[in-house]
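A.B. asks: pasting the sequence and the predicted coordinates here, then a few questions.
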Amino acid sequence: MNYHLILTRRCNLNCAYCHGGEETGPDTEISYSLDELIAFLKKDQDIQLMLYGGEPTLRIPLIVELMDTFPNARFMLQTNALLMNNIPREYVNRFHSILVSIDGPENVTDGYRSKGVYKRVLENVRWLRRYNFAGDIVARMAVSQESDIYRDVRHLLELGDPSFDHVHWQLNAIWAADENWVDFDGWIEKSYNPGITRLVTEWIDRMSEGIVEGIVPFIPIAYSLLTGQGASLRCGSGIDTFAIHVDGTIGVCPISPDWDFSLVGDIRKTDPSNLRSIMKVDEPCPSCDVFAICGGRCLFANKERLWGDIGFERVCGTVKHMINEIRERIPIIRTMIDGEIIALEDFKYPEYNNGCEIIP
Ligand code: SF4
Ligand code: SF4
């Protein structure tokens, strides 16, 4: 099973769409013992630990201790990358994937995250590349109203030094809309949906050169459409992916320790075998005509509806637009696979759940 381990709730940034840096006090730190964690995880034969925060690199000695304690576990990291270069080299190389938060060009990234962040992130990704990091480096964007999805994704894909293997994004469409958006509908209509169409078109154009660019949401959606293999909730929350919060409670999703619905166990009392598939998305997802491809997007949004039903539907409109743009081009993709210009294997991503939720 996959576990997001929240190493601290503190963060060394205070980004416009998150406000995580405001978390202070004793409740931000792990209050269970390593022995309690070991006793819980020992009951699971196949563990993947996805290190998460707050900002997990504020706790590098703990990262080292965890890697020493669980030599057979697979590790993933989600980080703002500001302190990443302090992880000892032999330990950083143990990560299968590292998701690095960066939102696009310098003005966009620094505008949301803080001045100087963009340059520092790139410096530290160069540091990873210098040590021939063999894992997957994912540029992980939070997309909000200053974002231009076409410009920002292309910027990150085309960066040569350093390069990212993949680009993934989440829409800033979970927390209260009023604090974050002036005109969400207008942005979707004039900027986001047309940007997606343009990105899909150029993604297909590059395939004719034998290149399947690493645009995360497009790749598994295309795979499902090509193979007919339906998807369950792609982030895995409540199915095979859980969060271990700092107090030892187990939640379905790492972002929601304060929502009672999401707490489904405690490492001191719960057996991992009782967690699998404990929670699923509710309507309207199971009856939705793209459910087999979307999988339900986000369990938290499905349960909490902080944007209300109408807001939920607005976001669904973007998902349907993206799926339709890719669906229309499946015959072209199939022709290129048959002509051995690209391979079906190019669309098998991610190898393991690496924290990319897939559906933005
Ligand atoms: S598009 Fe919306 S309603 Fe349809 S499955 Fe996805 S999240 Fe659910
Ligand atoms: S997509 Fe939603 S449910 Fe899944 S991990 Fe992200 S916030 Fe949680």
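C.D. replies: Looks like it arrived, so ask away. Predicted, not measured: the structure shown is a model, and the values here were computed from it. Ligands and ions are numbered 1, 2, ... in the order given.

A.B. asks: show me the shaky parts of the protein.
C.D. replies: 19-22, 176-178 (pLDDT under 70).

A.B. asks: and it, which residues reach ligand 1?
C.D. replies: Contact residues (C-beta under 6 Å from any ligand atom) of the chain with ligand 1: 284-285, 288, 290-291, 294, 296-297, 316, 319-320. (Glycine included, C-beta is placed from N, CA and C.)

A.B. asks: ranking by neighbours, what's the top pick from the residues you listed?
C.D. replies: Counting neighbours by other C-beta atoms under 10 Å, the top entry in these is R297, with 27 neighbours.

A.B. asks: how far away is that residue from ligand 2?
C.D. replies: Computed as C-beta to the nearest ligand atom, to the nearest Å, the R297 to ligand 2 distance reads 7 Å.

A.B. asks: pull the contacting residues for Y17.
C.D. replies: 112, 142, 144, 172, 175, 180 (C-beta atoms under 8 Å, 6 or more residues apart in numbering).

A.B. asks: gap between it and ligand 2?
C.D. replies: From Y17 to ligand 2 the distance is 13 Å (C-beta to the nearest ligand atom).

A.B. asks: how many neighbours does the closest residue to that residue other than its chain neighbours have?
C.D. replies: Of all residues not flanking Y17 in the chain, N172 sits nearest, at 4.5 Å (C-beta to C-beta, 6 or more residues apart in numbering). With neighbours defined by other C-beta under 10 Å, the count for N172 comes to 24.

A.B. asks: N172 touches V143, doesn't it?
C.D. replies: Yes: applying C-beta atoms under 8 Å, one finds N172 in contact with V143, separated by 6.2 Å.

A.B. asks: circling back: out of the residues of the chain next to ligand 1, flag the one nearest to ligand 2.
C.D. replies: Nearest to ligand 2, judged by C-beta to the nearest ligand atom, of these is R297 at 6.6 Å.

A.B. asks: so where does the nearest residue to the closest one once chain neighbours are set aside fall, helix or strand?
C.D. replies: Using C-beta to C-beta, 6+ apart and skipping the chain neighbours, the partner closest in space to R297 is I359 (4.4 Å). For I359, there is no helix or strand it lies in under DSSP states H and E.

A.B. asks: for I359, grab phi and psi.
C.D. replies: phi -90, psi 120 (degrees, to the nearest 10).

A.B. asks: was I right about it contacting G295?
C.D. replies: Yes: in this structure I359 lies within contact range of G295 using C-beta under 8 Å: 6.7 Å.
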